[in-house]
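J.: okay, sequence plus prediction incoming.
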Amino acid sequence: MTTDASGCRKAQPRSLMARSVDALSRREYSRKELRGKLLEKLEDGQSAADVDAVLDELEAKNYLSNERCARSRVRMRSPRYGNRRLAYELSMQGIDSETVQAALQEAGDEFERAWQVWRKRFRNPPEDYKERGRQARFLSARGFGFDMIERVFDKAREEAQQDADS
């Protein structure tokens with residue numbers, strides 16, 4: 001702590017490294033995401049070049065990793081979202097397409113995820129075009145492609161038919 005001209009205590013500015021490590025201790029960040037976070041709150045005497053130098057050092061020490069960030073994000077969000085949405089979110093975080101594709105390989109079977117998301121929400125196959133559209137929009141908004149949605153509807157109809165035959 002230092003004092004200003006009026007004799008009041010004034011906090012020392014926290015270093016960029018300390019703020020970076022603090023943020024990374026809570027969750028994984030992509031380089032672009034952490035850079036934006038640090039640039040928002042630059043303090044006196046700190047510049048974008050300082051931020052880039054800190055990020056380079058964090059990457060060299062393997063504290064900051066786009067690959068790890070992508071895998072973590074996919075692991076957390078894949079039970080609720082499709083590959084299209086996950087890929088979009090990761091690309092918005094500045095993660096390259098090769099890293100995105102590698103992370104999506106770990107997400108598991110997209111059809112099974114789409115089926116679980118649909119079953120949790122609807123349980124019954126659509127009975128008319130209006131309901132079909134509503135269910136399709138729901139799945140589409142979660143990043144599942146129309147081919148996946150059609151497969152979900154086909155399986156729902158098959159299960160409903162089997163239940164009716166029983």
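T.: In hand now; what should we look at?
J.: list the buried residues in the longest helix belonging to the chain.
T.: Taking DSSP state H as the assignment, the helix of the chain that covers the most residues is helix 146-165. By 16 or more other C-beta atoms under 10 Å, the buried positions in helix 146-165 come out as 148-149, 151-153, 155-156. Placement of C-beta: from N, CA and C, glycine included.
J.: the strands in this structure, which residues?
T.: Here the chain has its strands, by DSSP state E, at 2-3, 9-10.
J.: could you check the pLDDT of residue 161?
T.: Model confidence at residue 161, given as pLDDT, is 87.
J.: domains for the chain, by residue range?
T.: Under automatic domain parsing, the residue ranges defining each domain of the chain are 2-105, 110-165.
J.: now do the end-to-end distance for the shortest one.
T.: What it means is domain 110-165. Across its full length, domain 110-165 reaches 29 Å end to end, with C-alpha to C-alpha, to the nearest Å as the criterion.
J.: wait, what's in contact with the residue sitting nearest the centre point of the chain?
T.: Per C-alpha atoms, centre = their mean, the C-alpha nearest to the average position across the chain is that of residue 73, at 4.4 Å. When contacts are counted by C-beta atoms under 8 Å, 6 or more residues apart in numbering, residue 73 is found next to 28, 86, 89-90, 93, 103.
J.: how about residue 57?
T.: For residue 57, the contact set (C-beta under 8 Å, 6+ apart) comprises residue 17.
J.: mind checking how far it is from residue 94?
T.: Relative to residue 94, residue 57 is positioned 18 Å away (C-beta to C-beta, to the nearest Å).
J.: cool, and residue 120?
T.: Distance check for residue 120 against residue 94: by C-beta to C-beta, it reads 32 Å.
J.: those two: who's more crowded?
T.: Summary of the neighbour comparison: residue 120 and residue 94, criterion other C-beta atoms under 10 Å, with residue 94 having more neighbours (15 against 10).
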